[in-house]
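Participant: Coordinates for the following, if possible.
(2 chains)
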Amino acid sequence: MSYVTKSPWVIHYDGSSCNGCDIEVLACLTPMYDVERFGIINTGNPKHADVFLVTGAINEQNKGVVQQIYDQMPEPKVVVAVGICATSGGIFKECYNILGGTDTVIPVDVYVPGCAARPEAIIDGVVKGLSVLAEKKAAMGKKPVETAPAAEAAATETEMKEEA
Amino acid sequence: MGKRTIIPFGPQHPVLPEPIHLDLVIEDETVVEAIPSIGFIHRGLEKLVEKKEYAEMVYVIERVCGICSFGHGWGYCAAVEGAMDIQVPRRAEYLRTIWHELSRIHSHLLWLGLLADGFGFESLFMHTWKIRETILDILEKTTGGRVIFSVCKVGGVRKDVDAETLKEIDEILAKIRAEIEELKEVFLEDDSIKNRLCGVGYLSKEDAIELCAVGPMARASGLRLDMRLNGDGAYGELDFEPVVTDEGDCYGRTKVRIFEVLQSIDLIHQAIAQIPEGELSVPVSGPATGEFMARIEQPRGEAYYYAKGNGTKFLERMRVRTPTNMNIPALVKTLQGCDLADVPMLVLTIDPCISCTER
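Facilitator: Below you'll find the predicted structure:
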């Protein structure tokens, strides 16, 4: 795996899933699948995370929580929707309390199918997410560094003073 | 009296695979009150009975929870079969029992792993989950699914397990048994683990009765409460005695679950030895009629299923009451007076399954 240049840390949040995908996300961490060999670590802190794994559909109660975790993550970040519920609402789509997939609140980069999603599929999804992460990082690098107009003016002022 | 502070715990918290929120009212380092709030995973799937036919509904009910999914499917089928007065073939009952006990082993091993992770013993977590994968392999080989199987249907089961595979399961379980005996030594004898578990979160027998605790939570407080004793499925023909201890603390609850893993292995050995030949299912047709309630001993405790037909293909009402729902009052009780640092341990020892609770 020489092309994995980054050790992505993931954060996992259970939207309104049945637990099936959640325990498969956890199973990825254990000796059978062992994603830690790629440097992938499950962290509980959104500020440490690069990849956001969401399982389960979005409902009224949890949409704020998902939004909040997403907002707290530093850029660049990737969202992976794990399982069919996170993708579209799945079997619970017709339930009165379900708004839809993860993309009803936050932008999703990779969709992992399956009910429940298999660990292999989840790992595949995260690896796909890595290339998106690399693209986003490259795009960030190209952007000119934005400075606030006031700060710019202040900087010119000091320069002028120095010259004088 | 010191100054009171409220610390929010969850819904997103490192020890919780699932979201539950607790407002912990603390005085210095001691919790004086815990106020739970749930609803983060509520889907409202009971209402889906109006949109899905009773035979299709099994798939939805299995997804009440991904850990004890087989038990949910079985409980629902048992309720509908009871309401429609259907006799399930013996072989199907035995196969259901075997899959249910395999689910119990995988659920308890999962919990033991999470507990180890909770008190910071990461290699033990990894080791427990490694053993759990062997059970998942058996489940995948016999049903086709790792966590959600869809083998239970109204009237019986969908898949058969041939004699050769049953023999293989017997052999694998005998091997796992030795590994679990080793785990037992670590969980029950290790000093550092005992320091975290012994005397933490004591629930007396009287409180367990009063707060309607179920499953391992009740059995660790000395209550002999196990729905398998009712003899549903093949349990009536198997020889077992529920694991009961009277410690009442986190250590007791760990002990109950470890011994239950060994007990489940015994039950599967017995079931494999006695399984009769025969049909896998009986044909079921026509509208759902009647009403019935079924009770199943899930890994987390007693679960209750109610089904009422109205003469159409759709059920009039379907109700699931899950074990974690019943254990939350007991959790709130044990949290009062505990140290803040023990809160994750206590939340874990009821083996919370929030997606069951909220459905």
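
Participant: count of neighbours near the closest residue to residue B:270 other than its chain neighbours?
Facilitator: Of all residues not flanking residue B:270 in the chain, residue B:238 sits nearest, at 4.9 Å (CB to CB, 6 or more residues apart in numbering or on different chains). In short, each C-beta sits where N, CA and C put it, glycine included. For residue B:238, the neighbour count with other CB atoms under 10 Å in any protein chain shown is 20.

Participant: show me the contacts for residue B:238.
Facilitator: B:97, B:267, B:270-271, B:274 (CB atoms under 8 Å, 6 or more residues apart in numbering or on different chains).

Participant: what helices or strands is the strand or helix carrying residue B:251 leaning on?
Facilitator: In the assignment (DSSP states H and E), residue B:251 maps to helix B:250-274. In terms of contacts (3 or more CB pairs under 8 Å, 6 or more residues apart in numbering or on different chains; DSSP states H and E), helix B:250-274 is packed against helix B:90-118, helix B:163-189, helix B:191-197, helix B:215-219, helix B:343-349.

Participant: Could you see whether chain A lies near the helix or strand containing residue B:355?
Facilitator: For residue B:355, the host element (DSSP H and E) is helix B:354-358. Yes. Helix B:354-358 is in contact with chain A by CB under 8 Å from any CB of the partner chain, via B:354-355, B:358.

Participant: what does chain A have sitting close to chain B?
Facilitator: Residues of chain A lying near chain B (CB under 8 Å from any CB): A:12-24, A:26-27, A:30-32, A:43-46, A:56-57, A:59, A:61-62, A:65, A:69, A:91-92, A:94-98, A:115-116, A:118.

Participant: re the thing from before, which of the helices and strands packed on helix B:250-274 has the lowest average pLDDT?
Facilitator: Lowest mean pLDDT within the helices and strands packed on helix B:250-274: helix B:343-349, at a mean of 83.

Participant: and that helix, is it in reach of chain A?
Facilitator: No. Using CB under 8 Å from any CB, helix B:343-349 stays clear of chain A, with a minimum separation of 11.1 Å.

Participant: for stretch B:156-175, same thing?
Facilitator: No. Using CB under 8 Å from any CB, stretch B:156-175 never reaches chain A; the gap is at least 15.2 Å.

Participant: Could you give the separation of that stretch from the chain centroid?
Facilitator: 22 Å (CA atoms, centre = their mean, to the nearest Å).

Participant: residues in contact with it?
Facilitator: With CB under 8 Å, 6+ apart as the test, stretch B:156-175 has contacts from B:88-89, B:91-92, B:95-96, B:98, B:134, B:138, B:141-144, B:150-152, B:265, B:268-269, B:272, B:275, B:279-282.

Participant: Filter those residues down to the buried ones.
Facilitator: The neighbour-count test (16 or more other CB atoms under 10 Å in any protein chain shown) applied to the contacts of stretch B:156-175 identifies B:88-89, B:91-92, B:95-96, B:98, B:134, B:138, B:142-143, B:150-152, B:265, B:268-269, B:272, B:275, B:280-281 as buried.

Participant: can you pull the contacts of the residue nearest to residue B:350 when sequence neighbours are not counted?
Facilitator: In this structure, residue B:350 finds its nearest non-sequential neighbour in residue B:327, 4.4 Å apart by CB to CB, 6+ apart. Contacts here follow CB under 8 Å, 6+ apart; on that basis residue B:327 touches B:213-215, B:217, B:300-301, B:350, B:352.

Participant: Would you mind giving the residues you listed as JSON lines with distance to residue B:320 and neighbour count added?
Facilitator: Shown next, in JSON lines, are the contacts of residue B:327 (distance: CB to CB, whole Å; neighbours: other CB atoms under 10 Å in any protein chain shown):
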{"residue": "B:213", "distance to residue B:320": "19", "neighbour count": "30"}
{"residue": "B:214", "distance to residue B:320": "14", "neighbour count": "28"}
{"residue": "B:215", "distance to residue B:320": "15", "neighbour count": "28"}
{"residue": "B:217", "distance to residue B:320": "19", "neighbour count": "29"}
{"residue": "B:300", "distance to residue B:320": "13", "neighbour count": "31"}
{"residue": "B:301", "distance to residue B:320": "13", "neighbour count": "26"}
{"residue": "B:350", "distance to residue B:320": "18", "neighbour count": "26"}
{"residue": "B:352", "distance to residue B:320": "16", "neighbour count": "23"}
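
Participant: I'd like to know how far the residue nearest the centre of chain B sits from residue A:100.
Facilitator: When CA atoms, centre = their mean is applied to chain B, the residue found nearest the centroid is residue B:299 (2.5 Å). Look at residue B:299 and residue A:100: by CB to CB, to the nearest Å, they are 31 Å apart.

Participant: for residue B:6, same thing?
Facilitator: On the measure of CB to CB, residue B:6 and residue A:100 end up 33 Å apart.

Participant: So which of the two has more stuff around it?
Facilitator: Taking other CB under 10 Å, residue B:6 and residue A:100 do not tie; residue A:100 has more neighbours (16 against 10).

Participant: How about the more buried one, nearest residue that isn't a chain neighbour?
Facilitator: Residue A:100 sits nearest to residue A:89 (CB to CB, 6+ apart), 5.0 Å away.

Participant: do the same with residue B:19
Facilitator: Closest to residue B:19 by CB to CB, 6+ apart is residue B:11, at 3.3 Å.

Participant: sorry, back to before: buried residues of the strand or helix carrying the residue nearest to residue B:350, list them for me.
Facilitator: Per DSSP H and E: residue B:327 is located in helix B:323-335. Within helix B:323-335, the residues that qualify as buried are B:323-328, B:330-335, counting by 16+ other CB under 10 Å.

Participant: per-residue confidence for residue 148?
Facilitator: By default, I'm working from chain A. 48.

Participant: ah, no, chain B please
Facilitator: pLDDT, read off for residue B:148, is 87.

Participant: Looking at the stretch 251-359 of chain B, which residue is nearest chain A?
Facilitator: As assessed by CB to the nearest CB, chain A sits closest to residue B:355 within the stretch 251-359 of chain B, at 4.7 Å.

Participant: helices or strands up against the helix ranked longest in chain A?
Facilitator: Using DSSP state H, we find that the single longest helix of chain A is helix A:119-142. With contacts defined as 3+ CB pairs under 8 Å, 6+ apart, helix A:119-142 has these neighbours: helix A:20-29, strand A:51-55, strand A:78-82, strand A:110-112.

Participant: orientation of the longest one relative to helix A:119-142 in degrees?
Facilitator: Taking axes from the mean of the first three to the mean of the last three CA atoms, to 10 degrees, helix A:20-29 and helix A:119-142 form an angle of 80 degrees between their directions.

Participant: And the third one, by the same measure?
Facilitator: Strand A:78-82 and helix A:119-142 meet at an angle of 160 degrees, taking the same axes, to 10 degrees as the criterion.

Participant: ok, then the element right after strand A:78-82?
Facilitator: Per DSSP H and E, the first helix or strand lying C-terminal to strand A:78-82 is helix A:84-88.

Participant: That following helix: which residues count as buried?
Facilitator: A:84-88.

Participant: Let me know the next secondary structure element after it.
Facilitator: Counting by DSSP H and E, what follows helix A:84-88 is strand A:98-100.

Participant: Pairing partners for that next one, with directions?
Facilitator: Taking DSSP bridges as the criterion, strand A:98-100 sits next to strand A:58-59 (antiparallel) in its sheet.
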